[in-house]
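Visitor: Okay, structure incoming, though there's no sequence with it:
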């Protein structure tokens, strides 16, 4: 049964305290004031339930970067962002958190207060993680303040060292005081451990690959958080239905799976709370998203061998390259033989809906949800598989990973899909050149296994909004400059996408459209519907007219919006963005 306490009460909460876009202490004068609120457990619960809406909504399935390619490119990928258009310097959510923490002392029951303070401090750590990822140094605020407090209004940025240390204090408080049962639509101790595992891995690897001090401390903190969550014995990898459907069903299920999902954002048809995933992938209205070629090539063969070790792998047509691959591929995109969850008809990728030909199916539910804003499947925010990946990566980066560690992390994830286990000694003895080319910064005795863990992370967590900041913390932004590609087309002609003996795709040059097309499902004109890298052959290329540029000296942080610097000259701009 889904829990919707926060959703049911949010309208009440919003009439009690209205948020604003700054850090000023304001509340509606005609509503309940903080002097008369925050005195009972129910009032603390009412307010902290509203903080759940700080979690992202539909952005969880709109991942871009170099995994999911669309007709357009995000500014940070295209290389066209600047301080005049950059956003993200928004403190409204932090104000909501601090407003609660400044007033919760009015509840005299300390045990009750600690429980709800823990939720608020979780969200303060959550908020600052987003800010540090984006801007690096940011002002640390742990109280609200008035409009006459010029010192706070116009303070300088605090160092990321101070901010991260304060985040650790907040998240450790949350871990110590949050509830320990499993509640997928609430914040628990396990949610806090998952967040700590995530943000400490980010900070540790970011510092390591940027050459900053203190990286070992955060790697150790990530390891300890991951180990604590694992040792809690609350979660496992969901395997229901077997290797051919378990991964798909984890995301397409209406209710968040209680085995693996730690925290999810809930949706409910009865309450008219929907998202738009089916429509996103099954119309041309959202940029025609598709998996990118390099991602497809990253999936291993079903026997655990490397697809990219096969001669001619880069020139295989769609049907051939889909054969005998990691079963997660067929549970993430339409592959030959694909049928909808509630369907009996084989359906092929539709180029009307995907620019690459690799059409996503992750999160896609039954056809009754295909209309605009009709999905009610919960969207996962934290799940056990990520924590296992975090642990394996952190230990590999620290240099103390063992095969036993892999057996209790990576193996469990691969077992779900029926994939062979990762062998540490083999990976380090023969690092994959395909992966090494993407990550030239990886070296040392654990080079091979680090590369394989990164492969595993990319595949397992695709479309879960991790990829951009994974590349940031690995100092791999130059990868965004490469030409994004789709399926390989050998030459103009007729093709069978799913190997059923029926020619269902025609690709032709301009002015050379064949006459007998009545039985062909899809017709693509080169130069109009698609662009091929060699003119009339090669991979589909997307956004080839955009010259992408990644500046290693500045692009790992966003610029502070120029409007903010004009209001507060003591906010120093991030390096490289001054002009």
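Guide: Structure's in. What do you need? As the structure is a computational prediction, the values presented were derived from the model and not from experiment.
Visitor: isn't residue 267 right up against residue 275?
Guide: Yes - at 5.8 Å, residue 267 counts as touching residue 275 under the criterion of Cβ atoms under 8 Å. In short, each C-beta sits where N, CA and C put it, glycine included.
Visitor: Give me the common contacts of the two.
Guide: Among the neighbours of residue 267, those also in contact with residue 275 (Cβ atoms under 8 Å, 6 or more residues apart in numbering) are 375-376, 379.
Visitor: In these, which residue is surrounded by the most others?
Guide: The member of the shared contacts of residue 267 and residue 275 surrounded by the most neighbours (other Cβ atoms under 10 Å) is residue 375, with 26 neighbours in all.
Visitor: So which of residue 267 and residue 275 has more stuff around it?
Guide: The residue with more neighbours, out of residue 267 and residue 275, is residue 267; 26 against 23, by other Cβ under 10 Å.
Visitor: which non-adjacent residue is nearest the more buried one?
Guide: Excluding the flanking residues, the one nearest residue 267 by Cβ to Cβ, 6 or more residues apart in numbering is residue 376, at 4.4 Å.
Visitor: Run through the strands of the stretch 201-350 of the chain in chain order.
Guide: 261-265, 290-291 (DSSP state E, counting those that start in this stretch).
Visitor: How far away from the center of its chain is the first one?
Guide: Put plainly, it is strand 261-265. Centroid separation for strand 261-265 versus its chain: 14 Å, with Cα atoms, centre = their mean, to the nearest Å.
Visitor: contacting residues for the most centrally placed residue in the chain?
Guide: Nearest residue to the geometric centre of the chain (Cα atoms, centre = their mean): residue 465, 1.4 Å. For residue 465, the contacting residues are 56, 59-60, 62-63, by Cβ under 8 Å, 6+ apart.
Visitor: Let's have those residues in CSV, adding pLDDT.
Guide: Listed next are those as CSV, based on pLDDT from 0 to 100:
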residue, pLDDT
56, 89
59, 73
60, 74
62, 75
63, 84
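Visitor: Report the separation between the residue nearest to the centre of the chain and residue 265.
Guide: Using Cβ to Cβ, to the nearest Å, residue 465 is found at 12 Å from residue 265.
Visitor: ditto for residue 188
Guide: 15 Å.
Visitor: try residue 279
Guide: Counting by Cβ to Cβ, the gap from residue 279 to residue 265 is 18 Å.
Visitor: Name the residue in the two with the higher neighbour count.
Guide: Taking other Cβ under 10 Å, residue 279 and residue 265 do not tie; residue 265 has more neighbours (22 against 19).
Visitor: which residues sit in contact with the closest residue to that one other than its chain neighbours?
Guide: Closest residue in space to residue 265, ignoring its immediate chain neighbours: residue 379 at 4.8 Å, by Cβ to Cβ, 6+ apart. Residues near residue 379 by Cβ under 8 Å, 6+ apart: 57-58, 60-61, 264-265, 267, 275, 363.
Visitor: now residue 426
Guide: residue 448.
Visitor: Kindly confirm my reading that it is in a strand.
Guide: No - residue state for residue 426 (DSSP: H, G, I helix; E, B strand; the rest coil) corresponds to helix; a strand is not indicated.
Visitor: now it: how far from residue 405?
Guide: From residue 426 to residue 405 the distance is 16 Å (Cβ to Cβ).
Visitor: ok, now residue 381?
Guide: Residue 381 is 25 Å from residue 405, by Cβ to Cβ.
Visitor: now do residue 208
Guide: From residue 208 to residue 405 the distance is 19 Å (Cβ to Cβ).
Visitor: try residue 286
Guide: According to Cβ to Cβ, residue 286 and residue 405 sit 40 Å apart.
Visitor: which of the two has more neighbours?
Guide: The neighbour comparison of residue 286 against residue 405 (other Cβ under 10 Å) goes to residue 405, with 19 against 15.
Visitor: All set now, cheers.
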